[in-house]
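Peer 1: Let me see the structure of the following:
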Amino acid sequence: MSYQSKPSPPLTTGQKAWGVVLLAILAAFYTFCEPFEPVYPSHTIREEYDYVIVGGGTAGSVLAHRLAEVANTSILVIEAGRPDYDHSIRIPVASVNLLDPDKNLVWNYKTLPQQNSAQGFINNRMTLPLGRVLGGSSSIGDMIYGRGNVEDFSLWGSEWTWDSLLPYFMQGERAVDIASSQFHGTDGELPVSRGDENCPLSSAFSAAAHELGLKQVDYTSREQVGVSQNLFMMEKGERWSAARAFLEPAVNRRYKVHITTNSVASKILFSGNRATQVVYNEDGVNKAVRARKEIILTGGAIETPKLLMLSGIGPEEELKKHKIQSVSTLPVGKGLKDPLKVWMRYKTEDKVSVTMDKVTSARSFLEYYFKKSGPWSETLQSQTTVFVDTENGGKKPNINVNMLRAVALPNQAEILGIKYELEDLFNAGLYDSNTEGFTFIPTLLHPKSTGEVRLRGVGIHDPPIVDPQYLSSEADLKSLLSGVRYVQKLVGTKAMAALVGEEVPLPGPQSKSDTDDAWIQTIKQFAFTAGHPSGTCAIGKVVTDELKVIGVEGLRVVDSSIFPNTISGDYTGVLVAVAEKIAQKIKSV
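Peer 2: Next comes the predicted model:
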């Protein structure tokens, strides 16, 4: 049986003629200009606001939108990165370019040298490419929308059960092509859709999972273990970030929200025990802004603990080391957890994947420009995802398997930070040769390995010390290995047989062997971050169940740092719901 992609409708003669002209204009425009006109009106930043939100990512965008619904409320969003004008942020297939350091859309944190992982990376240091742009990682990620597993929230306390969050999951969601159900909202701001359902790779992946005994589920509902359609933050062939869904309308329609970009917060000032001001550096100029009501930190699991420690809130030994006056002694920066994933690449003889020749063709541009269709409108991630507990067969998964609809991506070795001598072997010439294929990606969802974030110095541009201690727990190696073996079962099914060709091994002599020891060596060399760090300002340790920083007033944290444990899958939907719930609490006071 041979699979072929569904052909696109033919272009008219007029469309083709206009396309030739537009291609030339577009090339010049992308070369010399930003592709989108600014959507955020400029404002004179005041000295005082009701709320100061530090971080214009997912949670910050939602909070700004909801708090602006209150009459006579003023809000300032301080964002360290750029506005989200880059055209790649809105084109689904262009997401492959968003992690490129030259685009300046990511933080690109470097971990400390890792003892048990990153052995195939330069200096054994892994790169954490987290979003440094309005929208945060929702602007630069794979667009996958996730809500976690019901059991993920068992450590969050009675205020934060999955069921108590369900109304907030639905409040911000606008289900585009999902059948109406008790689990999905249709009136929210963030579009969520199933993507292209005519992908033969996704169909084969789904059939393979059923062949292995998994049942069909909606992974965003109460039952997550099984095979499901992936849900994406996109609509009509365009990517949607939290900034586009929540922040942009809050700024443009309510005029209560001001934004300062390229502005790095350096310290929180206190009056007695109350947080009152944020000091920040905008394009090299130090400034300060006062918050009448609250300062809300939404910078993420790396930046938020850094800012708290610089402000005198953190472990006693860390504050003393850097001669910072203590405001509140708390285990800030401790408890860092970050899921890992590994690539398993396969060639195929069928023309079913995303390759360079398809993406860079004139036809692809014309289809997208005129109809928002074709390769540019499609996600690189497949429309099928699997959540499975490979160890206990329970209801909480330890492994998530996704499929990349490509066997290689441009500049991937460079973006990941693979050792120079391994780059060519890692890339294997696959992208430049337009090789058809796909990549299975098993992800370790709940690592037991725990690290920390510390201060490197007190300078505003001193990067934090990030030490995740990846794979320091033998249990994590065992669990990720079980994910590899599960993918091999998927590959061996009848459903995948027609598509699976030659395996493309990762570099290393162990790649010629299929023993557990050989795969463990490969995992230690090439497993890399899933981009979902959390836990560094956990509920019950650093913040209360209302996410107020313990021991001070007027200061909250609303980002993934408050998660006391990792989330099963992508956590963008969780961040939206948490921000929705906290916004309601603030508004009800």
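Peer 1: Helix or strand next in line after the strand of greatest length in the chain, which one?
Peer 2: Longest strand in the chain, counting residues (DSSP state E): strand 285-297. Following strand 285-297 in sequence order, the next helix or strand is helix 300-310 (DSSP states H and E).
Peer 1: what's next to the longest strand of the chain, contact-wise?
Peer 2: 45-55, 60, 63, 76, 78, 263, 266, 268-269, 275-281, 304, 307-308, 554-559, 586 (Cβ atoms under 8 Å, 6 or more residues apart in numbering). The C-beta positions use only the backbone N, C-alpha and C, and glycine is treated the same way.
Peer 1: Narrow these to those in strands?
Peer 2: Using DSSP E, the subset of these located in strands is 48-54, 76, 78, 263, 266, 268-269, 275-281, 555-557.
Peer 1: which ones are touching the spatially closest residue to Phe153 that is not a sequence neighbour?
Peer 2: Closest residue to Phe153 apart from its sequence neighbours, by Cβ to Cβ, 6 or more residues apart in numbering: Trp162 at 4.9 Å. By Cβ under 8 Å, 6+ apart, Trp162 lies in contact with 147-150, 152-153, 222.
Peer 1: Top of these by number of neighbours, please.
Peer 2: Arg147 (28 neighbours; other Cβ atoms under 10 Å).
Peer 1: ok, now how distant is it from Ile415?
Peer 2: Distance of Arg147 to Ile415, computed by Cβ to Cβ, to the nearest Å: 28 Å.
Peer 1: Val558 too?
Peer 2: In terms of Cβ to Cβ, Val558 sits 29 Å off from Ile415.
Peer 1: More neighbours: the two, which one.
Peer 2: Per other Cβ under 10 Å, whichever of Val558 and Ile415 has more neighbours is Val558, with 26 against 19.
Peer 1: Would you confirm that that one contacts Val578?
Peer 2: Yes: using Cβ atoms under 8 Å, Val558 makes contact with Val578 at a distance of 6.3 Å.
Peer 1: so what sits against both of the two?
Peer 2: Joint contacts of Val558 and Val578 (Cβ under 8 Å, 6+ apart) are 59, 547.
Peer 1: quick revisit: what pLDDT does the residue nearest to Phe153 get?
Peer 2: Turning to Trp162, the model gives it a pLDDT of 97.
Peer 1: Repeat that for the one 5 residues further on.
Peer 2: Among the per-residue scores, Pro167 shows a pLDDT of 97.
Peer 1: burial count for it?
Peer 2: So Pro167, with other Cβ under 10 Å, has 13 neighbours.
Peer 1: swap in Ser513?
Peer 2: So Ser513, with other Cβ under 10 Å, has 14 neighbours.
Peer 1: One more: Ala242?
Peer 2: Ala242: 33 neighbours (other Cβ under 10 Å).
Peer 1: Begin at 21, not 1, for the rest of this chat.
Peer 2: Right, with 21 as the first residue, what we last looked at is Ala262.
Peer 1: quick one: low-confidence parts of the stretch 421-570 of the chain?
Peer 2: Along the stretch 421-570 of the chain, segments meeting pLDDT under 70 span 451.
Peer 1: got the residue ranges for the strands in it?
Peer 2: Applying DSSP state E, counting those that start in this stretch to the stretch 421-570 of the chain gives strands spanning 457-464, 471-474, 485-487, 523-524, 548-549.
Peer 1: roughly how far out does the third one sit from the chain middle?
Peer 2: In other words, strand 485-487. 19 Å (Cα atoms, centre = their mean, to the nearest Å).
Peer 1: Ok, the fourth one next?
Peer 2: In terms of Cα atoms, centre = their mean, the gap separating the centre of strand 523-524 from the centre of its chain is 27 Å.
Peer 1: and that strand, which strands flank it?
Peer 2: Its sheet considered, strand 523-524 pairs with strand 364-367 (antiparallel) by DSSP bridges.
Peer 1: now the second one
Peer 2: The strands that strand 471-474 pairs with in its sheet are strand 354-356 (antiparallel), strand 485-487 (antiparallel) (by DSSP bridges).
Peer 1: Turn those strands into JSON lines, including distance to Gly156 and mean neighbour count.
Peer 2: Listed next are the strands paired with strand 471-474 as JSON lines, based on distance: least, Cβ to Cβ, whole Å; neighbours: other Cβ atoms under 10 Å:
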{"stretch": "strand 354-356", "distance to Gly156": "18", "mean neighbour count": "22"}
{"stretch": "strand 485-487", "distance to Gly156": "17", "mean neighbour count": "21"}
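Peer 1: Can you mark which positions in stretch 296-316 are buried?
Peer 2: 296-301, 309-311, 313-316 (16 or more other Cβ atoms under 10 Å).
Peer 1: For Asn117, state which of these is nearest.
Peer 2: Asn301 (28.2 Å; Cβ to Cβ).
Peer 1: So Ile419 is in contact with Lys498, correct?
Peer 2: No: contact criterion Cβ under 8 Å: Ile419 and Lys498 do not qualify, at 11.5 Å.
Peer 1: Between the two, which is the more surrounded one?
Peer 2: Ile419 (25 against 15).
Peer 1: Name the nearest residue to that one, ignoring sequence neighbours.
Peer 2: Gly503 (4.0 Å).
Peer 1: Pull the contacting residues for that neighbour.
Peer 2: Applying Cβ under 8 Å, 6+ apart, the residues near Gly503 are 362, 410, 418-419, 421, 462-464.
Peer 1: from the residues you listed, which single one is nearest Gly449?
Peer 2: Distances from Gly449 to the contacts of Gly503, taken by Cβ to Cβ, are shortest for Val362, at 20.9 Å.
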